[in-house]
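Student: the sequence and its predicted three-dimensional model are supplied below.
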Amino acid sequence: MSRHRPIHNRLSLLPVGLAMLLVAQALGPPTAAMAQDAAVESVAIVTPASRTNQGWDQQGVDNLVAVGEELGIEVEVVENAGYDDITPILNDLADDGFDLIVCHASGYQTVCPEFAQSSGVPVVVIENPGAVASALVADIETQAQEAAYLAGVLAGLETTTGTVAVVVSGEPPTWNFMTVGFAEGLHSVNPEATLLYQVIGEAAYDDAPNAKRVTESVIAAGADIVFGMGDGASFGMIQAINEHNQNLPPEEVVMFIDVIGDKSGSDAGQYLLSSVLFDYRGAYTQLVQQLDEGTFGKVYTMSLENEGVRLLEIAESADPETVSHVEETQAAIIDGSIEVSAVGDADGVHGRLDELFPR
Amino acid sequence: MNVEAVLTALLAAAILSSTALLLAAVGEAISERAGLLNLGIEGVMLISSLAAFWLTLESGSTALGLLGGGAAGLLCGIVFGLLATIGRADQVVLGLGTTLAGGGGSAFLFREIYGSDQPLLAQGQGRPFQGLLDWLPVIGPAVADQRWFIYVAWLLVFGAQFVVARTTFGLRIRAAGESPFGLEAVGGSVIRMRVAAAAIAGTLSGLGGACVSVVELGFFSPGITAGAGFLAIALAMLGRLSPVRILFGTLAFGLLTGLDTGLQIAGVDVRPEFLAMLPYLGIVIALVAFGRGTRLPRALGKPYTGIAGSR
């Protein structure tokens, strides 16, 4: 009896061995290659607040739904997830077989990359380029400072009192980038202006009562243009302005510059001067394509040039010369002759504001 | 910068924003006086806030909207009172359940009714005393230029103080919380008094919720009361369940809330997070300093089983 099996017998075991290897591969720890396997069929998005808040959450959801319809991809929305640990939600989505999860809040910067590493499900995070990992984690930089710079130019040219206010519902990177961009734009055309910077609270994104109170106070302090970053809290700011403007002649009204969404056609659009619009469609389309092509895991920065951010059409009440100046400034930013600072941390914001508008 | 205008705006905002808290806190105080601990104020405020907003938008009448909010609160209060007395439900569980149901239910209904729209109410409410006290800097316009409902709320508070402290009905409510067996021994009905107190508390909380959406903000959004119901419970205890003391407590809270805005406008370089903490820190300090002498009703939170264990 031979100690060795005939060669054909050993060859016959090859398919079995390959099958076992494949099974072992399937049962083993996730790898980058696994995340790149199939074409994208379904995407989920997790938002901290309501998908109808006409702000950050709604814009992300609406844009992803639009991309899903265009590309024929199923989109699942998980809203009102809050800012606590969303790992159970992510696990549920992974169990349901979603190919990609968009973690639509800078507050999910840590939990989502950790989840991607442990589960192998690709995720998209906001404002965390350091977490980017090939085939697993991509990052969207919503650095809207360039469009906010235009808003600052607009405010600087349109203010009649010389006092302009920035009211924010917190100091997350997204708001901070815009605050500095706005202040630099304001300073470029009206360095003598007074800039009032007001923080409603630490994470007061839906705190409309306090947003209204703060806005009333800055109006009393002389501000005639309010650049408001609030999400749900924005409606408190808008109502403060609506109330103040009752029975005032047009030349004395206070105007509002909004962010993220377009409220011009709604009840809130009455005193809207403009808005810094976010458009994630380009980012989402590109990220889905990258996942399909196996090149997922990069940083996507929204800018004026790629139309990820832009300024909403300026209200008719604005001076045509102001509109022209804003358009020229936009061209200068795109061709690189004007550079806008990208400051994401709160201390950096306070420092830059002190430099530009010392009190 | 016009410092007087800023101070006036801050004080006016403090008065306006403290009104909803005041109504809810006085309602909670009356409920606690009767022996019912109602932790569901937040949920009642949210449901009533939505009801008032919807009715105002549909009818165009602020007064009707406010009445609708009060009616929604009354209904919630009666249900709470019946479940806590006849149903002998655990008051803490019942209250927290009311808060959860009110929060979730109002958000669900709002979405069902308005979808992704965010309608706003026109700001056309009367200010009956506007300009009357302009001769008095800061305080004059801040007090006199408020909308009519603010003065109605103050009247309700003083009315509640009178009823609780000076009437037989008030005495029976206090007896239901302090000595329910004594009340029954003299022929009173503990259950009836407690349900009545819960109904009053619900109505006042409902008016508080309505005040937020219809008077203060002019719109509704899910979670719009932002924890005001829980603050109201703390302020009721801080005010030792006395409506007039609660009035001063809520005003102080409103002023502290405005302090951070004032300091930011003045350019004081303090972290916004620290400033935002001030009003809550103030409540904790006040509770420690002044709340020690607070003696809550003896039967607070205890289901009433009757003299012989029967109802």
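Tutor: On my side now, so go ahead.
Student: okay, CA-based contacts and neighbour counts for the rest of this
Tutor: Will do.
Student: and the strand or helix carrying residue B:278, what's buried?
Tutor: Take DSSP states H and E as the rule and residue B:278 turns out to sit in helix B:272-290. Within helix B:272-290, the residues that count as buried by 16 or more other CA atoms under 10 Å in any protein chain shown are B:272-273, B:275-276, B:278-279, B:283, B:286-287.
Student: mind checking how far residue A:104 is from chain B?
Tutor: Plainly put, residue A:104 is 19 Å away from chain B if you go by CA to the nearest CA, to the nearest Å.
Student: that residue: how many residues sit nearby?
Tutor: Counted by other CA atoms under 10 Å in any protein chain shown, the residues lying close to residue A:104 total 22.
Student: which ones among the buried residues of helix B:272-290 also lie next to chain A?
Tutor: B:272-273, B:276 (CA under 8 Å from any CA of the partner chain).
Student: using JSON lines, please lay out these together with pLDDT.
Tutor: Listed next are these as JSON lines, based on pLDDT from 0 to 100:
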{"residue": "B:272", "pLDDT": "71"}
{"residue": "B:273", "pLDDT": "73"}
{"residue": "B:276", "pLDDT": "75"}
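Student: can I get those residues in JSON lines with distance to residue B:189?
Tutor: Listed next are those as JSON lines, based on distance: CA to CA, whole Å:
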{"residue": "B:272", "distance to residue B:189": "52"}
{"residue": "B:273", "distance to residue B:189": "50"}
{"residue": "B:276", "distance to residue B:189": "46"}
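Student: which one of those is nearest residue B:36?
Tutor: For these, the minimum distance to residue B:36 (CA to CA) is 32.0 Å, reached by residue B:276.
Student: list the residues that contact the closest one.
Tutor: Going by CA atoms under 8 Å, 6 or more residues apart in numbering or on different chains, residue B:276 touches A:200-202, B:257, B:260.
Student: ranking by neighbours, what's the top pick from the residues you listed?
Tutor: Neighbour tally across those (other CA under 10 Å): the maximum, 30 neighbours, falls on residue A:200.
Student: against residue A:277, how distant is it?
Tutor: Using CA to CA, to the nearest Å, one gets 22 Å for the distance from residue A:200 to residue A:277.
Student: next: residue B:191.
Tutor: From residue B:191 over to residue A:277 (counting by CA to CA), the distance is 58 Å.
Student: now residue A:233
Tutor: 17 Å.
Student: right, and the helix or strand after the helix or strand hosting residue B:142?
Tutor: If you go by DSSP H and E, residue B:142 is part of helix B:139-144. Moving toward the C-terminus from helix B:139-144, the next helix or strand (DSSP H and E) is helix B:148-166.
Student: after the lowest-mean-pLDDT helix or strand in chain A comes which helix or strand?
Tutor: Every helix and strand of chain A was ranked by mean pLDDT, DSSP states H and E. The lowest is helix A:32-35, at a mean of 42. Sequence-wise, the next helix or strand downstream of helix A:32-35 (DSSP H and E) is strand A:42-46.
Student: contacts for that next one next, please.
Tutor: Counting by CA under 8 Å, 6+ apart, A:61, A:64, A:73-79, A:81, A:93, A:97-104 sit against strand A:42-46.
Student: poorly predicted segments of chain B, please.
Tutor: B:123-124, B:291-294, B:307-311 (pLDDT under 70).
Student: center of it, which residue is that?
Tutor: residue B:24 (1.4 Å; CA atoms, centre = their mean).
Student: all helices of the chain, in order?
Tutor: If you meant another chain, say so; for now it's chain A. A:7-12, A:14-27, A:32-35, A:56-71, A:87-95, A:111-119, A:145-158, A:173-189, A:208-220, A:234-245, A:281-293, A:320-334, A:346-356 (DSSP state H).
Student: um, chain B though
Tutor: So, for chain B - with DSSP H - the helices run B:3-33, B:41-59, B:62-85, B:91-114, B:139-144, B:148-166, B:168-178, B:180-185, B:190-210, B:228-238, B:243-265, B:272-290.
Student: could these go into TSV alongside distance to residue A:352?
Tutor: TSV is the format used below for those (distance: least, CA to CA, whole Å):
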stretch	distance to residue A:352
helix B:3-33	26
helix B:41-59	41
helix B:62-85	45
helix B:91-114	40
helix B:139-144	35
helix B:148-166	42
helix B:168-178	59
helix B:180-185	65
helix B:190-210	41
helix B:228-238	36
helix B:243-265	16
helix B:272-290	17
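Student: I'd like to know which of the ones you listed is closest to residue A:131.
Tutor: When the helices of chain B are compared (using CA to CA), the closest one is helix B:272-290, at 27.2 Å.
Student: now the angle between helix B:228-238 and the closest one, please.
Tutor: With axes from the mean of the first three to the mean of the last three CA atoms, to 10 degrees applied, the angle from helix B:272-290 to helix B:228-238 works out at 30 degrees.
Student: just the CA trace of helix B:272-290, in PDB.
Tutor: Only the C-alpha atoms of helix B:272-290 are listed here, as PDB (Å, rounded to 0.1, in the frame of the first residue of the first chain):
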ATOM      1  CA  PRO B 272     -20.600  80.000  26.000                       C
ATOM      2  CA  GLU B 273     -21.000  76.600  27.600                       C
ATOM      3  CA  PHE B 274     -20.300  78.000  31.000                       C
ATOM      4  CA  LEU B 275     -22.800  80.900  30.500                       C
ATOM      5  CA  ALA B 276     -25.500  78.500  29.300                       C
ATOM      6  CA  MET B 277     -25.000  76.500  32.500                       C
ATOM      7  CA  LEU B 278     -25.800  79.500  34.700                       C
ATOM      8  CA  PRO B 279     -29.600  79.300  34.900                       C
ATOM      9  CA  TYR B 280     -29.500  75.600  35.800                       C
ATOM     10  CA  LEU B 281     -26.700  76.100  38.300                       C
ATOM     11  CA  GLY B 282     -28.900  78.800  39.700                       C
ATOM     12  CA  ILE B 283     -31.800  76.400  40.200                       C
ATOM     13  CA  VAL B 284     -29.500  73.900  41.900                       C
ATOM     14  CA  ILE B 285     -28.000  76.500  44.300                       C
ATOM     15  CA  ALA B 286     -31.500  77.900  45.000                       C
ATOM     16  CA  LEU B 287     -32.900  74.500  45.700                       C
ATOM     17  CA  VAL B 288     -30.000  73.800  48.100                       C
ATOM     18  CA  ALA B 289     -30.200  77.200  49.800                       C
ATOM     19  CA  PHE B 290     -34.000  77.700  50.000                       C
END
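Student: what sits closest to the residue in the stretch 51-200 of chain A that chain B sits nearest to if chain neighbours are left out?
Tutor: Nearest residue of the stretch 51-200 of chain A to chain B: residue A:52, at 4.7 Å (CA to the nearest CA). What sits nearest to residue A:52 in space, not counting adjacent residues and going by CA to CA, 6 or more residues apart in numbering or on different chains, is residue B:116, at 4.7 Å.
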